[in-house]
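Q: Sequence plus the predicted model coming up.
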Amino acid sequence: MTNRKAVHLVLKIVHKLCPSFLPLLILMKISSAAVPYVNIVGSSIIIDALFQKKGFEQIFQYALWMMGLSFVLSMFCWGIDKLVNVRKYLLAEQVQKMISQKGLTLDYEILEKKETLECIHKAREGMNTNGDITVFCDRIANMIGVMADIIYAVILFIPVFFAVGASTGAPFFQFIQSHFGSIALNLILVGQLIFLGWSQRRMGALQKQTFDINVDANRHYNYYMSFLMDSSNYAKGKDVRMYDFADTISERYKKDVNSIMKVFRQMRKRMEKYSFLNECCSAVYTIASYVYVGVKAGLGLVSIGSVARYVGAFTKFSAALGSVVRTYTEISICAQYLAYFQEFMDIKNEKYNGNLSIEKREDGEYEFEFCDVSFSYPNSVEPVLEHISMKVKVGKKMSLVGPNGAGKTTFIKLLCRLYDPTEGQILLNGVDIRQYNYSEYIQLFSVVFQDFKLFTFSIAENVAVSKEFDEKKVRSCLQKAGFTERLGTLKKDIHTSLYKLERDGVEISGGEAQKIAIARALYKDSPLVILDEPTSALDPQSEYEIYRSFDRLVGEKTAIYISHRMSSCRFCNQILVFDKGRIVQQGSHDKLMENTDGLYYQMWNAQAQYYE
Ligand code: ADP
């Protein structure tokens, strides 16, 4: 990304998120750039006054003025700095919000693509290192600050070039007094700048190269760190201990750290060389300016007091020009990292989002139909579902059974539009589901996925998925899901936080989590309830309770269960038997049991024998 584009992008974002941030930051940089000049000018006036033997009172007055002005300016900068810092945190927070919002609203299908994950990783790493928007703003403001610095310095030192002598003394002194002396001093400066520009570009390229080489190792490193340090993932520690993973993880972790550090050390070594040479150039210029001004002062072309002023201005000028080159390079590096951020923000959702509204039906008469649907996952050509045709009958209880990997969960994912079919159509009341507004469409489903997630919020917030909740309804759903007894043991009742992120958070078992997830599905109160392995983590008594009360739980709603517990199918009016991505049988339990060669019969008997 070019610097101009990056500046434009950042200005647009910052203007939208926190318009006062950049003007305040620039004001602060311009004001703080002026502080050293007050001291430089002040001290040169005082030195001249001393040489001119002015009275103590007058000199004291100068000193007071200088200190007063410097103090007021510093206080002003300090005040603005406070305002800037508050806005900086606010802006960083808003940007994070923007990124997470983007991540949360991306099509699920796109989110799981390798390229998307890579892009997210690079954008996040970039933001953590050099591509942060607040850092970028800081650099833009720095640039403006050093420009101000340059203007202040030029105003101060320009008169020294006009202090030209009558070519007296040794040839060296004659040279210094003439215009050639000034030209020579400026040539040294230009040489220094050219070297600085070149070395900064090299250093920028080195940093970027290091970042790109380390992307994979960094990703692995973060993953291994999550086993060792991630407080929200301490549960992983069980497997680490039981399977003696510690050595394997440490080994891999060390390998990645070593490889990151090796690349990093190489980069640092080369960068140090450039920094050293830059320091040398800068020292040469400072010495030259001392000689230049010193000779002119010695020859009486400028006052003794102004030596400090001119040398100070020259040194500041050289440093500021150096900063221009450095800041420009930093902006260029930042712009390259920002490109990853921009790439992420530019990812477009591909899912067609129709504008048809979902009809609000009190009677819950929503009928779904799969018409010759086939599906392959992104980045894969293998069909996971093939030629699926079926109808979900309204108000009925339907069960999906079949071996692992047969495509049952994928069927649910298509129904919920997490993915679109590769071929065929899914209809809702006769209309292709792609024609409906997506956010309205998903309101039709309450789903408990097999790998459901609860959050480190309170139990009530987890159930209602909101900070605002209807307490009575939360309790009723928890009670229906069989969580009441455990709730009685919790001091803070439904306000208890889950997991140990919070100081008083509680740990719950897999079965208890499943009950809360079921309560969450019930709270949503959608016309279609889908439970994928709803009782896999429940104890036999709870499982029995859930199945016994299924009808009461879901009422008149349409319900779809995926279950390996064959006995649960008895509760269902319609059973779909999946095998290798196809529906191989469908019907009621009794009808399916009539076919003794069928998969359903075999699965039923295979499970029944354990209970005989
Ligand atoms: P079931 O629920 O019947 O056990 P799934 O629908 O979960 O089966 O999976 C069907 C097949 O699809 C499996 O072979 C699985 O490996 C594959 N699969 C599931 N999710 C993905 C995915 N996100 N990307 C690629 N393949 C997947």
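A: Okay, I see it.
Q: alpha carbons only for contacts and neighbour counts from here, please
A: Will do.
Q: Spell out which parts of this structure neighbour the ligand.
A: 377, 384, 404-410 (CA under 6 Å from any ligand atom).
Q: Apply 8 Å and report the result again.
A: 112, 376-380, 384-385, 401-411, 562, 578-579, 581 (CA under 8 Å from any ligand atom).
Q: Now H220. Nearest residue, chain neighbours left out?
A: D256 (7.1 Å; CA to CA, 6 or more residues apart in numbering).
Q: How many residues are close by that neighbour?
A: Other residues near D256 come to 21 when the count uses other CA atoms under 10 Å.
Q: which sections of the chain are below the confidence cut-off?
A: 128-131, 165-168, 226-246, 361-364, 500-503, 534-542, 544-552, 608-612 (pLDDT under 70).
Q: host element of E543?
A: helix 540-548 (DSSP states H and E).
Q: Oops, could you answer that again for T327 instead?
A: Per DSSP H and E: helix 304-345 holds T327.
Q: sorry, back to before: which SS state does the residue nearest to H220 fall under?
A: Three-state call for D256 (DSSP: H, G, I helix; E, B strand; the rest coil): helix.
Q: Report the contact partners of it.
A: For D256, the contact set (CA atoms under 8 Å, 6 or more residues apart in numbering) comprises 217-218, 220-221.
Q: Tabulate these in JSON lines, adding columns for neighbour count.
A: Below are the contacts of D256 laid out as JSON lines (neighbours: other CA atoms under 10 Å):
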{"residue": "A217", "neighbour count": "18"}
{"residue": "N218", "neighbour count": "19"}
{"residue": "H220", "neighbour count": "16"}
{"residue": "Y221", "neighbour count": "19"}
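Q: which one of the residues you listed is nearest the ligand?
A: H220 (20.7 Å; CA to the nearest ligand atom).
Q: how close does that closest one get to E386?
A: 36 Å (CA to CA, to the nearest Å).
Q: Kindly report the same for Q52.
A: Taking CA to CA, one finds Q52 at 99 Å from E386.
Q: And for the residue lying closest to I412 once chain neighbours are set aside, the neighbour number?
A: Take I412 and drop its neighbours on the chain: the residue closest to it by CA to CA, 6+ apart is I530, 8.0 Å away. If you count neighbours by other CA under 10 Å, I530 ends up with 25.
Q: any idea whether I530 is helix, strand or coil?
A: I530 - assigned by three-state DSSP - is strand.
Q: Enumerate every residue touching it.
A: 412, 445-448, 559-561.
Q: rerun that using 6 Å as the cut-off
A: 447, 559-561 (CA atoms under 6 Å, 6 or more residues apart in numbering).
Q: In strands only, show me those.
A: Secondary structure from DSSP state E places 447, 559-561 of those in strands.
Q: from these, which is closest to the ligand?
A: Nearest to the ligand among the ones in strands among the contacts of I530, with distances taken as CA to the nearest ligand atom, is Y561, at 11.2 Å.
Q: And for D590, the neighbour number?
A: Using other CA under 10 Å, D590 is surrounded by 10 other residues.
Q: What of D532?
A: Each residue near D532 was counted by other CA under 10 Å, and the total is 23.
Q: try N605
A: 15.
Q: Which strands and helices lie in contact with whichever strand or helix holds L24?
A: Using DSSP H and E, L24 falls within helix 21-51. Judged by 3 or more CA pairs under 6 Å, 6 or more residues apart in numbering; DSSP states H and E, helix 21-51 is in contact with helix 56-105, helix 133-162, helix 304-345.
Q: List phi and psi for the closest residue to the ligand within the stretch 51-200 of the chain.
A: Relative to the ligand, the nearest point of the stretch 51-200 of the chain is E112 (7.1 Å; CA to the nearest ligand atom). Note on E112: its backbone torsions stand at phi -90, psi 0 [degrees, to the nearest 10].
Q: okay, now the spatially closest residue to G312 that is not a sequence neighbour: neighbour count?
A: Using CA to CA, 6+ apart and skipping the chain neighbours, the partner closest in space to G312 is I40 (6.5 Å). Other residues lying near I40 total 19 when counted by other CA under 10 Å.
Q: Likewise for Y600?
A: 25.
Q: Return the distance of it relative to S399.
A: Counting by CA to CA, the gap from Y600 to S399 is 12 Å.
Q: sorry, back to before: dump the helices and strands packed on helix 21-51 to a markdown table, plus mean neighbour count and distance to G395.
A: Below are the helices and strands packed on helix 21-51 laid out as a markdown table (neighbours: other CA atoms under 10 Å; distance: least, CA to CA, whole Å):
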| stretch | mean neighbour count | distance to G395 |
| --- | --- | --- |
| helix 56-105 | 15 | 31 |
| helix 133-162 | 19 | 52 |
| helix 304-345 | 22 | 42 |
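Q: Redo those helices as TSV? Include distance to V293.
A: Formatted as TSV, these follow (distance: least, CA to CA, whole Å):
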stretch	distance to V293
helix 56-105	23
helix 133-162	8
helix 304-345	6
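Q: Spatially nearest residue to the residue most central in space within the chain, not counting backbone neighbours?
A: Closest to where the C-alpha atoms of the chain average out (CA atoms, centre = their mean) is R124, at 4.7 Å. Nearest non-adjacent residue to R124, counting by CA to CA, 6+ apart: F341, 7.7 Å away.
Q: swap in K453?
A: A517 is the one closest to K453 (CA to CA, 6+ apart), at 8.0 Å.
Q: next one: phi and psi at the one you found?
A: phi -60, psi -40.
Q: circling back to that earlier point, higher neighbour count, Q52 and E386?
A: Between Q52 and E386, counted using other CA under 10 Å, E386 has the larger neighbour count: 19 against 10.
Q: how close does that one get to Q585?
A: For E386 relative to Q585 (CA to CA), the value is 14 Å.
Q: What of I140?
A: Counting by CA to CA, the gap from I140 to Q585 is 67 Å.
Q: one step back: among the contacts of I530, the buried ones, what's the PyMOL command?
A: Buried residues among those (16 or more other CA atoms under 10 Å), as a PyMOL selection:
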select buried, resi 447+559+560+561
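Q: V381 sits in which helix or strand?
A: Per DSSP H and E, there is no helix or strand for V381.
Q: so who does it touch?
A: Contacts of V381 (CA under 6 Å, 6+ apart): none.
Q: Ok, the one 10 residues further on next?
A: Under the criterion of CA under 6 Å, 6+ apart, the contact list for K391 reads 368-369.
Q: which residues touch Y310?
A: By CA under 6 Å, 6+ apart, the neighbours of Y310 are F157.
Q: what is the orientation angle of the helix holding L24 with helix 304-345?
A: Here the directions of helix 21-51 and helix 304-345 differ by 170 degrees (axes from the mean of the first three to the mean of the last three CA atoms, to 10 degrees).
Q: All set now, cheers.
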